[in-house]
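Novice: Predicted model follows, preceded by the sequence.
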Amino acid sequence: MKFNVTEFFKRNWVHFFALGLFFIITLGYFSPQFGGNGLKQHDIEQFIGMSHETVEYRAENGEEPLWTNSMFGGMPTYQISTVYDGNLMTKIKRALGFWIGSPAGIFLTYLTGFYIMLLCFRTNKWVAILGALAFAFSSYYIIILQAGHNSKAVAIALAPPVIGAFYMAFRNNLKWGILLSALFMGMEISANHLQITYYLGIVLLFMGIVELVRAFGKESNFKRFGLATVGILVAYGFALGINYGNITFTNDYAKYTIRGENDIKINPDGTTAAKNQSKGLDKDYITQWSYGIGESMTLISPYIHGGGSAVIGNSPFKDKLKEKEFRSDAPELAKQMMYWGDQPIVTGPVYLGIIVVFLALLALVFVKDRMKWALLAATILCLMLSWGKNYMGLTEFFIDNIPGYNKFRAVTIILAIVEICVPLLGVLFLQKLVNEREAIKAQMKTFYIVSGASALLLLIFAFAGTGDDYLSERENEFLYGMEANVRSQIESIPVEQAKQQYGVNLNNPQEKNAFIQNVVANQTKSFDAVVAFRADVAKSSYLRSFGFLLVAALLIFAFLKYDFKKELLIGGLAVLILADLIPVDRIYLNAEKEGREMKFWMPEFEKRNPFSPTTADQQIMQNEIAQNPALKAIIDEAANAAEDKDLRREKGYANYIAGKKFAALNANTNYRVYEPSGGTNSSRASYFHKSLGGYHGAKLRNIQNIYNFQLSQGNYKVFDMFNVKYFIQRNQQTGDYQAQPNPNALGNAWFVTEFQVEETPEEEIRALGKEVKISNQGNGTLVVNNEVVNEALVYGAENITYVNNGDSLAINIQKTLQTGQASSFVADVNGRGNWVPNFTLEADTTNSFEVLVTQEVVDNFMPKTEAIITPSTYEKVKGKTFSGKGSIEMTSYAPNELRYAINTTGEQFAVLSEVYYPDGWNAYVDGEKVDIEKTNYLLRGVILPAGAKELVMKFEVPSFGTVNTISFVLSLGLILLILVLFILEKRNGKENS
C-alpha cells in the first residue's frame, strides 16, 4: 500500500494541532529560555559542581571514568554523571520534548507524555489536549523544574505513557500495547529516577488487579488477560535489560551508601542505634519531608497553608499588609513566616486544581469502568503515604515490609502519582460527558448533589477553617511552653541588670509575675496578628477555589441543559483550568525581573558556568604552582586552548576559563580541601578541587559515618589522613574566603609501623579518635548516657553529667590531652565546674578546688605511624616488622587510575589517602595484582614488597562495556521491531491505533 502523505495529515491533523499548541504554550511560558537564558536551578548548579571532574575527563579522554574524587573523598559516578552510550532510550525520550533542553523540553514531555497516555485510552483528542494541559500545569511539576529536579521531572513526564501502554495491552491493542510498554518503560527507567518508577508500580499494580477482576467477571477473557500479563512482564523485562547497566551498577553501589544497611549499630554517643534505623535509609531521614494531613487540602486550594516558606514581606501576599486591618501590625507581620505546614521548608504547595479535582469526583460517580477504582485506590494510598511521620503506622509498615521502599527519602514525592491519577480520572469523566451526554442528563440530580456538596464544603472551610488554628506544630509547641520559657529567661538575668534594663524588681514576686505576664501577652498578641493574617489568606484561597468550581459546574450544567457543541465545553474548561493553575505556577516560576536581573532566569552560558573562583581558590592554585612551578605552563595551556573570541562577551566567560584552569590543576595534582560553610550541602568546592565535602543524596555510608562520629566531634586527624591540604574558611562578616593550609596533611600515601586491630566496624570508627577513661572522685554521682557509673571509657560524644548536692553539671571531656596525660574536673567555692590539669592541682596548697572527676587519655590514634586494621588484615601482617623506611610518591593522577613510585627498605605497609571501595578498585605492584586492605575504617592499605617498584591503583569495571553493548542491541532491536510492525500494518492497510 502506497503511503499517502495528504491522507495521513488529513487523518491526523488534530495531533499536529495538539503538538503545535503544546509548543506555542511552552514557548510562551518559558520564553526566557528561547531568548538565550537558563533557569536558575539549585540542584543543576550542584550537579555541575559535582560532575566537573567527570565531564572534563570524558571530554579529554573520550571514556567514562566511573569514579570521581571531587566529592566526599571519592565515590563512583553511577549516580552523578555516567553516560551509557549504548542505551538508545536516552536519545529517543528527547523526541517527546522536541529535542529542546530543560526546562522547556521537560515541560513539553509532560504535555506529550500525558497526551499519548490518553490516546492509548482512546480518549477524544480534544479532551486529551485538555487533560495534557491540566496535568502539565500542576504546581508541583513546575516547582520541581524551578528547583532543578530534572531527572525526577523526566521520570514523571514518562510515567503516563507507561500507564497508557499498560491499559492498551489489556483493553485495546495487545501487540502495540506490549511493544509500547517496552518502549515507554525503557525510557522511564532511563530517566534514572528509580523512586518515581517505583511509585509508578503502585498504579500499575492496582490497574493489574482491576484487570484480574475483569478476567473473572462478566467481561471475562482469560486468554486475553494471560497474554497481556505475560506480554507486559516480558516487555518490562526487556526494558530492564536495556537499562541493565544503570540498574545493576546503582544496585551494587546502593548497598555501600546511606540507602543501604549501616554497618555501625551504635550512635556517636555510644548508645544503641535508634529504633528508626532501617536496613535502608533511617526512618527519620525518610520522613523528614512529610505532608501534613491537613496540608493535603492544598490539592484543592493552593494557599490554605501559606504557599511557600518565605516571610510574609517576601511572599505573594505582601500587598495584603497594606490593607486597613493589617496596617498597624505590618512591620512585625512582614517578618513572620507565611507557611504554617509541618515540613521543614517548601517552595510551594502541591496544587492539582479545583476543577481537575471536581471532574475526578464526578468520574467516581458517573464513570462505570472499574479502572476508576484502581486510580482511586492508588490516589488514596499515595496520599496517605505522603503523610510520612504524620501517619507513621502505615509508613513504618511499608518501610519494614515492602521491599525497596526504605531506599527512598522525602515521602512527599509520592504525590506525583496523585497528580497523574486525579487528572486521568477527570479526563475519564469528560470522555463520558462528551460521548454520553444524554446518560448524564438523566442523572442531573446526582450532578447537583456532587456540585453542591463540593461547593458547600469549600464554603465551610473558608469560613470555619480546617481546625489547624493557622499555626504550625512548632509554633503551637512554642506557645504552649512560652510562659515557662519566658520565666526561665527572666529568672536567669541578674537582679540588678533586670532592674536597669527592664525596670523590674525580680525580688518582688508580684512585680516579677506581672512583668512575665506582660511579656507573654505581647508575644501572644503578635501571634494573634499572624493567625488573623493567615486566616484571611486561607479564606481567600478557599473562596478562589469556590469561584472556579462554581463557574466550571455552571459550564457543565449549561452543556447538559442547552446541548451546545462539545468543543465549546472542552475549550471553556481548558481556559478555566489554565486560568486556575497558571497564576499559581507563575509565583514559583515566571519571567519577572528583580532590578536589572530576572528572578528565576540567568544567561544560559553563565548557568553552564556558575562558579567563580574565590580568593581562597586562587590562593590554593598559586600555592600549588609555587610548590610545583611546572603546573603554571599546564594551566596556561589549558586556558589558551579554551579561549574563544566568540564567547568573550558572554556573561560567565571568566568562570568558563577559570573552570578550565582548575580542571588542569585538578588533573595534575591530588590534594583535598574542606569547606566548612559548604560541608555536605554544597558542591562548590568540588568544582575547583577534590573535596571532602559535597552534595549528594546517596553518599557512601562510611563517609557519612565519619562525619557523624569524628568530623562533627572536631577530630582533625581524620582531615590529616584524608590529605586535606587546605581548609577554605569563610568570613561570616565580609563573606570573603581564605585558604588555610593544613601543615599536618599526610599526603597521598605513607608508611606505618604499628597496628591496632579492631573486631567490629563500631570499634574501628571509634578508634580513630581518643579513648578516655573518666573516674568519679567526689561524693556525687557520675552519669554517662543516663547510666550511673564509677568509671567509664568514653570518646567525646557521650552525654556526661555530674550530680552533686542536687546540682547537675554537664561535662565535656578535654580533647587537647595527649596519651597518658590526665586532668580533673573540679568545683570551685562557688560550685562552678571546670577542667584543671593535675599539675595545677598539685600546686593548689589551699585546697580551693573539690575534685569531682578525673580523666586520662588511654589511647590516642596517631595516623602518621599507626593503622587501624581488621582481623583479616592482621592475619597478613602478624609476625612481621615494618620499619616505615623508604619512599612512596604519587607520579600520575586520573580519577580511575593512580600511580605511585615506591622504593622501600624491606616489606612495608602503605596507607593511601583514598576511600576504600571493594567493588572495582584493584592494586598492582609491577603488574602483579595485590590485595587492598580496609584501613582506618575507610581508607586503603597495601602491603608492599621491598625494592623499587611501581604501585598502580585502577578502578576496573569490565562489565561496563558489556552492559553498554547489551543495552545497544536490545534497544536497537526494540526500535526495529516497532518500525517493522508499523510498516507491516500500513502495508496491510490497517489503521494504526
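Specialist: Received it, and whenever you're ready, just let me know what you need. Please read these numbers as outputs of a predicted model, since none were measured by experiment.
Novice: do you know how far the residue lying closest to Thr109 once chain neighbours are set aside is from Ala132?
Specialist: Closest residue in space to Thr109, ignoring its immediate chain neighbours: Ala157 at 3.8 Å, by Cβ to Cβ, 6 or more residues apart in numbering. Quick note: C-beta positions are derived from backbone N, CA and C, even for glycine. Counting by Cβ to Cβ, to the nearest Å, the gap from Ala157 to Ala132 is 11 Å.
Novice: So for the helix or strand containing Ala633, what gets flagged as buried?
Specialist: Ala633 belongs to helix 630-642 when assigned by DSSP states H and E. Using 16 or more other Cβ atoms under 10 Å as the burial criterion, the residues of helix 630-642 that qualify are 631, 634-635, 638, 642.
Novice: Who are the packing partners of the next helix or strand after it?
Specialist: Scanning forward in sequence from helix 630-642 by DSSP H and E, the next helix or strand is helix 653-667. Counting contacts by 3 or more Cβ pairs under 8 Å, 6 or more residues apart in numbering; DSSP states H and E, helix 653-667 is packed against helix 42-61, helix 604-608, helix 615-627, helix 630-642, helix 684-688.
Novice: Would you mind putting the CA coordinates of the second one into PDB?
Specialist: Taking C-alpha atoms only, helix 604-608 is exported to PDB below (Å, rounded to 0.1, in the frame of the first residue of the first chain):
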ATOM      1  CA  GLU A 604      22.500  30.400  29.600                       C
ATOM      2  CA  PHE A 605      26.300  30.400  29.300                       C
ATOM      3  CA  GLU A 606      26.500  31.700  32.900                       C
ATOM      4  CA  LYS A 607      24.200  29.000  34.000                       C
ATOM      5  CA  ARG A 608      26.500  26.400  32.500                       C
END
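Novice: now that helix, how far from the centre of its chain.
Specialist: Computed by Cα atoms, centre = their mean, to the nearest Å, the separation of helix 604-608 from the middle of its chain amounts to 23 Å.
Novice: One more: the longest one?
Specialist: Relative to its chain's centre, helix 42-61 lies at 18 Å (Cα atoms, centre = their mean).
Novice: ok so, going back, nearest to Glu914, out of the helices and strands packed on helix 653-667?
Specialist: helix 42-61 (14.4 Å; Cβ to Cβ).
Novice: Out of the buried residues of helix 630-642, flag the one nearest to Tyr199.
Specialist: For the buried residues of helix 630-642, the nearest to Tyr199 is Ala642 (42.6 Å; Cβ to Cβ).
Novice: Next one: that closest one from Ala484, what distance?
Specialist: Distance from Ala642 to Ala484, by Cβ to Cβ: 62 Å.
Novice: got it, and Val877?
Specialist: 59 Å.
Novice: Tell me the first helix or strand C-terminal of the worst-scoring helix or strand of the chain on mean pLDDT.
Specialist: Within the chain, no helix or strand scores below helix 838-842, which has a mean of 70 by mean pLDDT, DSSP states H and E. Using DSSP H and E, the helix or strand that follows helix 838-842 in sequence is strand 850-860.
Novice: Tell me the buried residues in that next one?
Specialist: 850-857, 859-860.
Novice: Between helix 653-667 and the helix holding Ala633, find me the angle.
Specialist: Orientation of helix 630-642 against helix 653-667 (axes from the mean of the first three to the mean of the last three Cα atoms, to 10 degrees) gives an angle of 140 degrees.
Novice: Just the residues contacting helix 630-642, thanks.
Specialist: Contact partners of helix 630-642, identified using Cβ atoms under 8 Å, 6 or more residues apart in numbering, comprise 621, 624-625, 656-657, 660-661, 663-665, 668-669.
Novice: Specify the angle between it and helix 615-627 in degrees.
Specialist: In terms of direction (the same axes, to 10 degrees), helix 630-642 departs from helix 615-627 by 120 degrees.
Novice: got the angle between helix 630-642 and helix 42-61?
Specialist: Using the same axes, to 10 degrees: helix 630-642 against helix 42-61 is 100 degrees.
Novice: for helix 630-642, the distance to its chain's centre please.
Specialist: Offset of helix 630-642 from its chain centre (Cα atoms, centre = their mean): 36 Å.
Novice: Restricting to C-alpha, output that helix in PDB.
Specialist: Provided in PDB are the C-alpha atoms of helix 630-642 (Å, rounded to 0.1, in the frame of the first residue of the first chain):
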ATOM      1  CA  ALA A 630      55.700  23.200  36.100                       C
ATOM      2  CA  LEU A 631      52.000  23.400  36.800                       C
ATOM      3  CA  LYS A 632      51.900  27.000  35.500                       C
ATOM      4  CA  ALA A 633      52.600  26.000  31.900                       C
ATOM      5  CA  ILE A 634      50.000  23.300  32.100                       C
ATOM      6  CA  ILE A 635      47.300  25.600  33.500                       C
ATOM      7  CA  ASP A 636      48.200  28.400  31.000                       C
ATOM      8  CA  GLU A 637      48.000  25.900  28.100                       C
ATOM      9  CA  ALA A 638      44.500  24.800  29.200                       C
ATOM     10  CA  ALA A 639      43.300  28.400  29.400                       C
ATOM     11  CA  ASN A 640      44.700  29.200  26.000                       C
ATOM     12  CA  ALA A 641      43.100  26.100  24.500                       C
ATOM     13  CA  ALA A 642      39.800  27.200  25.900                       C
END
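Novice: Averaged pLDDT, it. What do you get?
Specialist: For helix 630-642, mean pLDDT is 95.
Novice: i'd like the first residue to be 21 from this point on
Specialist: Will do, 21 is the new start, and the previous item becomes helix 650-662.
Novice: just to revisit the earlier point, tell me the contacts of the residue nearest to Thr129?
Specialist: 116-117, 126, 129-130, 133.
Novice: which among those end up buried?
Specialist: For the contacts of Ala177, buried by 16+ other Cβ under 10 Å: 116-117, 126, 129-130, 133.
Novice: With pLDDT and neighbour count as new columns, can the contacts of helix 650-662 be given to me in CSV?
Specialist: Formatted as CSV, the contacts of helix 650-662 follow (pLDDT from 0 to 100; neighbours: other Cβ atoms under 10 Å):
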residue, pLDDT, neighbour count
Met641, 97, 23
Glu644, 96, 19
Ile645, 97, 17
Tyr676, 95, 18
Ile677, 95, 19
Lys680, 96, 20
Lys681, 96, 20
Ala683, 96, 22
Ala684, 96, 23
Leu685, 96, 22
Asn688, 96, 16
Thr689, 96, 21
